[in-house]
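Student: Provided below are the primary sequence and the corresponding predicted coordinates.
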Amino acid sequence: MLENAIKDLLYKIADDQLILGHRNSEWTGFGPMLEEDIAFSSMAQDKLGHSLAFYTLLHQMGEGDPDTVAFMRNADQFHNSQLVELPIGEYDFSLIRHFLYDNAEILRFESLSQSTNEEIAKIATKLKGEVRYHVLHANTLVKQLGSATQESISRLQQSLEYALPFALGIFEPSKHEQELIDAGIYSGEAALQNQWLERISAVLEKTHLKLPEIANLQPVYGGRYGQHTEHLQPLLDEMAEVFKIDPTAEW
């Protein structure tokens, strides 16, 4: 049933945005410099807004209200890729995750903006402008730090090698993949991954960083269907702490 396929797609987009938004917010007050503190805080706010847009659409399709869906599920009910739930680590890791994720997300939104589903297309068209700025920020810093000192290059290279298998998990195929493609909802995960590899390769070619051989990597799948690291549930507990005190409260 196409409706279930669309819900599956929307949940993974919304959950990615929610979890990465909260992870990025952890840089507030701790950024390596004031500009980056502000940048990550701003991008976190954008991503939470994006998650709300997709949770609202899910609510219109019969799912729970956005607050309940965001704060009352356990880890095994979330559909986010494992990449976004990993702790922020040092700045080099968060920058590489930002680079890999947002270059994937802009392609997803560009594809969805052409969707046969008018509501999805409308949201994607509205939000992709914000994601373009995220991509510009990530690409600019990766180019600068990936061509700077030996230490910055080494640290980014190590983070790239660690994060890349998790990043491939962004493109975990849906159980409804062909149905979504046939219905013109979007171009599908394989097409997005190929475009993404071209984009990140073009950026990395302007640095001293080397993209690991994708054929030798095992993508980290499972997150789209409830298989997560030990890091997700503690994050969810922290996120929901205030909401669970009184879910009926109005703020």
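Tutor: Ah, there it is.
Student: Dump stretch 89-108 to PDB, keeping only the CA atoms.
Tutor: The C-alpha coordinates for stretch 89-108 follow below in PDB (Å, rounded to 0.1, in the frame of the first residue of the first chain):
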ATOM      1  CA  GLY A  89      32.900  13.500  19.600                       C
ATOM      2  CA  GLU A  90      35.600  16.000  18.600                       C
ATOM      3  CA  TYR A  91      34.900  18.800  16.100                       C
ATOM      4  CA  ASP A  92      36.600  16.900  13.200                       C
ATOM      5  CA  PHE A  93      34.000  14.100  13.500                       C
ATOM      6  CA  SER A  94      31.000  16.400  13.800                       C
ATOM      7  CA  LEU A  95      32.200  18.400  10.700                       C
ATOM      8  CA  ILE A  96      32.700  15.200   8.700                       C
ATOM      9  CA  ARG A  97      29.300  13.900   9.700                       C
ATOM     10  CA  HIS A  98      27.800  17.300   8.800                       C
ATOM     11  CA  PHE A  99      29.500  17.200   5.400                       C
ATOM     12  CA  LEU A 100      28.400  13.600   4.600                       C
ATOM     13  CA  TYR A 101      24.900  13.900   5.900                       C
ATOM     14  CA  ASP A 102      23.900  17.300   4.500                       C
ATOM     15  CA  ASN A 103      25.300  16.600   1.000                       C
ATOM     16  CA  ALA A 104      23.000  13.500   1.100                       C
ATOM     17  CA  GLU A 105      20.100  15.500   2.400                       C
ATOM     18  CA  ILE A 106      20.200  18.200  -0.200                       C
ATOM     19  CA  LEU A 107      19.900  15.600  -2.900                       C
ATOM     20  CA  ARG A 108      17.000  13.900  -1.100                       C
END
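Student: buried residues in that stretch?
Tutor: By neighbour count on 16 or more other Cβ atoms under 10 Å, the buried set for stretch 89-108 is 91-108. Where you see a C-beta, it was placed from the backbone N, CA and C, and this is true even at glycine.
Student: what does stretch 145-152 give?
Tutor: L145, G146.
Student: how long is that stretch from one end to the other?
Tutor: 6 Å (Cα to Cα, to the nearest Å).
Student: got the contact list for that stretch?
Tutor: Stretch 145-152 is contacted from outside by D92, L95, I153, L156, L204, K206, T207, H208, L209, using Cβ atoms under 8 Å, 6 or more residues apart in numbering.
Student: Give me the distance between the third one and H208.
Tutor: To tie it back to what came earlier, the one meant is I153. Noted for I153: a distance of 5 Å to H208, by Cβ to Cβ, to the nearest Å.
Student: Comparing those two, which shows the higher neighbour count?
Tutor: Under the criterion of other Cβ atoms under 10 Å, the comparison of I153 against H208 puts I153 first, with 17 against 14.
Student: Which element, helix or strand, includes that one?
Tutor: helix 150-168 (DSSP states H and E).
Student: show me where the protein has helices.
Tutor: 2-25, 34-60, 66-71, 82-85, 91-112, 118-145, 150-168, 177-182, 189-204, 232-245 (DSSP state H).
Student: Tell me which of these sits nearest to L217.
Tutor: Closest to L217 of these, according to Cβ to Cβ: helix 150-168, at 5.0 Å.
Student: Y101 contacts Q82, correct?
Tutor: No: counting by Cβ atoms under 8 Å, Y101 stays clear of Q82, with 11.7 Å between them.
Student: Noted, bye for now.
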